[in-house]
Each structure stands twice: as C-alpha cells, then as structure tokens.
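In: Got a sequence here, can you build the structure:
(4 chains)
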There are 2 protein chains.
Amino acid sequence: MARLSDVIEALIKDMIEEQDGRVEITRGELADRVNCVPSQITYVLETRFTHDLGYLVQSRRGGGGWIRIERIVPGEDKSAYIMHTVNSLDQPLTQHMADIYLRNFVDYGILTEREANLMQAAICDQALAPLPRRPRSEVRTSILKSMLVRYLLDYGRESAVAERETENKEKGGKQKENRK
Amino acid sequence: MARLSDVIEALIKDMIEEQDGRVEITRGELADRVNCVPSQITYVLETRFTHDLGYLVQSRRGGGGWIRIERIVPGEDKSAYIMHTVNSLDQPLTQHMADIYLRNFVDYGILTEREANLMQAAICDQALAPLPRRPRSEVRTSILKSMLVRYLLDYGRESAVAERETENKEKGGKQKENRK
DNA sequence: TGCCTTTGACTTTCTTTGACTTTCATTATA
DNA sequence: TATAATGAAAGTCAAAGAAAGTCAAAGGCA
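Out: Numbers count the residues shown, from 1 in each chain, chains lettered A, B, ... in the order given. This next block holds a predicted model:
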C-alpha cells in the first residue's frame, strides 16, 4: 500500500513538472489535498526534496505564507558536473578545500570568475567568522551546495528561454513576454 | 496571493520612482487607495522603508499632515547604494528581512534577479539549517555583507576594464582579451 | 529491533485590524 | 490679541488572524 509520503512526493513532483520546474502553494492546502497533517508535508520536503536531489525549498510564515519548491533542469551539460560535485559534498569543508572546488569550476569553464568570487565571499572564513570552527565547516558545505543548485536552476531556465526564443525566431513568429 | 503589504510596498515604490525619488501624501489617502486601515501603512513603512533599506521617512501630524518617503541614495549610483547597505547593516537578519533587502536591490536594478538569487541561496534558511537560530541570523548578516563587498570589488574591476577598453579604442590601440 | 512514517500539541513569525492617544492648524471666543 | 475649542491628521499598541516550524511520542514494517 502506497505510503502517504510517497503520494505526497509524487504529487509535488507532478505539480513541479506541470509548472515549469516550480510550485508555490500553502503547506496547508497541500496537506488538505492528500488529507494529512501539515507537518507531514514538512517531513516529505526534508527527506525527499533535498539539495542533493536538485531541489530548493523555501517558505514564508505568517499571513499569506507559502512554501515553494523548485527543481533544476536536468540533463544539461553543466548540470551533471555540478550535481556530481554537490552529491559528493557531504563532509564539512575548510575554506581552503572550498576554494579548490571553486578554482576547479573556473578552470573548467563551469563558472565565471565573478560567479566563483561571489560564492567564495559567502563561504570564506571571514564571512563565517561569527561561528565556532565546528559548525562553520558544516554550514560551509551546506551553503556551497545551495548556491550551486541555485546556480544551476537559473542557468537551466536561462537556456530554456534562449531555446524558446530561437524556436520562435525560426518559426518567424513574434514573441511575447512570457515571464511575469 | 496578494498580500496587502506587498501591494502597498509596490505602490509606494512606483510613486517614488515616478516622482524622482520622493513621495509626499497623506497616510489616509494612501490607505484609501488600497482599502486598508491607516495603521497598516505605518506597518509597511516600518518594515519595508527603513533607513537601512535606504529610505528616509518623515511625517507631520495634525491638520494638513502628511508622510514623506524619500530615497536616501540616488538611484544612479549603484555602488553607493550597496555601500550604504553594507555600512548600516549590523543587526542579525532573518531570512525574511534579508529577502527584503535583496528584492530592494532588484527593484532598483542594482542586482539582476540571478545575482540576487545566488546571494539568496547563500543565506536562506535551508542553507543555514545546520545552525541553531541564534548564530544563524548573525552569520546571515555577515555573509550578506561579505558578498556585497565582493560584488562591489568585482563590479569596480569590471567597470575599470570597460573604461580601459574604451580608452584603448579611443587611442586606436588594440586590446588584449583578458576577461571572459 | 531499529529505522522510517505519521500525528498532533505547541511555538514562532508575519500580517491585519481597530480602539485609543498625541499633535498640529484653524477657528471661535473672551 | 491671547486663549480655548474643534477637527483633522498621524502615532501607538495590543489583540486577533493566518500561516509555517518544531519536536517528541506513537505506529508500522523489514
């Protein structure tokens, strides 16, 4: 018998598929649809929509609150490389090690120097100075993963837009703004 | 959707933009336009138009009273705007507050959406999840500042390169490709 | 038996509302 | 003319509302 969590997972994935890689909905509404308590949604998001799997999850509390789940566009050239790194990252990272990863990305033409610099600024010792060493290296890993997935997400969208535009041009059709 | 506060925020920003960086209006009239109680305007001003975000809000009570909202830093000078933020930021930031800062940058064309997204990924709750709430907000401030400063550094370098290239062109000299 | 799942009571974060207070300009009054 | 009354603002603050988050206990299943 299908576990509830599996049903929720499938539902979310369907919605993501239908909606161009991104869902925004209230946790409560999602819970209503499958008749479960809201906290179960949280559980599913935490266990099945992780960075490693290429998802970003955000939320906002209070009136008008929501949860948002976004997924990278798989199958791009870059994405395999970056996701491979994301998946292999599971140990705490020193700044030095993180720098090496970033340098590699630049050397292989995956990231521009600017992009790498920005990421470096987020995970350098100075930025994380308020933290003791222990959680510092842990959170460094987490931040790096988050940024890499985000990068991929926007990168994928951009190429998708570019493709669509090329198609339109080929068809000689006129294009209209389709991003809100 | 349509959180009232968001509508009010957008409305005020539009008015500021149209009127060259400053609006003067009665709180009551603003409230009437969006059909809310006047104190909600106060709430929006307090949360979205603070000094740190680059605004100066003044008001006068009594008959003929008004509120005035003004951008502190002129819109054209991107680096001044970012520096203002870096300098005035020193309180711990919730993700929600950080998002407001980033959206402000995007609204004024200081960061592209992608750049803001990338920064957002570095300071979102999901990325900082390994941390307990207390140090989390503190380190968020620190990371954001670090990224903004780095952004400025590279931004400066880039405009310096652009300038140099212009100079070279003017001299008719040929230029070396030194940046992607 | 040990790991997932499921549940629900309780907490925290944001937003909206409204009753009450303070301040100011204008007008009326002594 | 000096003061008092009036009305028109904005300010304050706490309560109610609307979400999501947390966490530990209970339930299943390999």
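In: Quick check: A:Leu111 vs DNA strand D, distance?
Out: 29 Å (C-beta to the nearest atom of the strand, to the nearest Å). (Each C-beta comes from the backbone N, C-alpha and C, glycine too.)
In: Now that residue. Nearest residue, chain neighbours left out?
Out: A:Phe105 (4.2 Å; C-beta to C-beta, 6 or more residues apart in numbering or on different chains).
In: looking at chain A, which helix or strand does the model trust least?
Out: Every helix and strand of chain A was ranked by mean pLDDT, DSSP states H and E. The lowest is helix A:133-171, at a mean of 85.
In: ok now that helix, how far from the chain's centre?
Out: Helix A:133-171 sits 7 Å away from the centroid of its parent chain (C-alpha atoms, centre = their mean, to the nearest Å).
In: before we move on, back to that, so who does the residue nearest to A:Leu111 touch?
Out: A:82, A:85, A:111, A:116 (C-beta atoms under 8 Å, 6 or more residues apart in numbering or on different chains).
In: Let's have those in TSV, adding secondary structure.
Out: Formatted as TSV, the contacts of A:Phe105 follow (DSSP: H, G, I helix; E, B strand; the rest coil):
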residue	secondary structure
A:Ile82	helix
A:Thr85	helix
A:Leu111	coil
A:Ala116	helix
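In: With distance to DNA strand C and neighbour count added, can I get those residues in a markdown table?
Out: As requested, those are arranged in a markdown table below (distance: C-beta to the nearest atom of the strand, whole Å; neighbours: other C-beta atoms under 10 Å in any protein chain shown):
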| residue | distance to DNA strand C | neighbour count |
| --- | --- | --- |
| A:Ile82 | 27 | 22 |
| A:Thr85 | 25 | 16 |
| A:Leu111 | 31 | 22 |
| A:Ala116 | 30 | 19 |
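In: what does chain A put close to DNA strand C?
Out: Counting by C-beta under 7 Å from any atom of the strand, chain A comes close to DNA strand C at A:3-5, A:36-37, A:39-40, A:43, A:47, A:60-64.
In: What about chain B: which of those touch it?
Out: A:60-61, A:63-64 (C-beta under 8 Å from any C-beta of the partner chain).
In: Now do the SS call for the spatially most central residue of chain A.
Out: In chain A, the centroid-proximal residue (C-alpha atoms, centre = their mean) is A:Leu56; its distance is 3.5 Å. What three-state DSSP gives for A:Leu56 is strand.
In: tell me which residues form a beta bridge with it?
Out: A:Glu70 (DSSP bridges).
In: Show the subsequent helix or strand relative to the one helix or strand A:Ala31 maps to.
Out: Element membership of A:Ala31, judged by DSSP states H and E, is helix A:27-34. Where DSSP H and E defines the elements, the next helix or strand beyond helix A:27-34 is helix A:38-48.
In: ok, the residue nearest to A:Thr94 when sequence neighbours are not counted to A:Gln95 distance?
Out: Take A:Thr94 and drop its neighbours on the chain: the residue closest to it by C-beta to C-beta, 6+ apart is A:Ser137, 6.0 Å away. Distance, A:Ser137 to A:Gln95, using C-beta to C-beta, to the nearest Å: 9 Å.
In: Looking at these two, which one has more neighbours?
Out: Neighbour tally, A:Ser137 and A:Gln95, criterion other C-beta atoms under 10 Å in any protein chain shown: the higher count belongs to A:Ser137, 21 against 17.
In: Does that one touch A:His96 like I think?
Out: No. If you go by C-beta atoms under 8 Å, A:Ser137 and A:His96 don't touch, sitting 10.6 Å apart.
In: Pop the domain breakdown of chain A in here.
Out: For chain A, automatic domain parsing gives the domain ranges A:4-71, A:77-171.
In: So which residues on chain A come close to DNA strand D?
Out: A:1, A:25-28, A:38-39, A:42, A:59-67.
In: could you flag which of the residues you listed are buried?
Out: A:25-27, A:59-60, A:66-67 (16 or more other C-beta atoms under 10 Å in any protein chain shown).
In: Show the contacting residues for A:Val70.
Out: No, residue A:70 isn't Val; it's Glu. A:16, A:21-23, A:55-57, A:153.
In: ok, of those residues, which come out buried?
Out: A:16, A:21, A:23, A:55-57, A:153.
In: and of those, the nearest to B:Ser142?
Out: Lowest distance from B:Ser142 to the buried ones among the contacts of A:Glu70 (C-beta to C-beta) belongs to A:Leu56, with 22.0 Å.
In: and the gap between the closest one and A:Leu93?
Out: As judged by C-beta to C-beta, A:Leu56 and A:Leu93 stand 20 Å apart.
In: and if you look at A:Arg71?
Out: Taken as C-beta to C-beta, the span from A:Arg71 to A:Leu93 is 25 Å.
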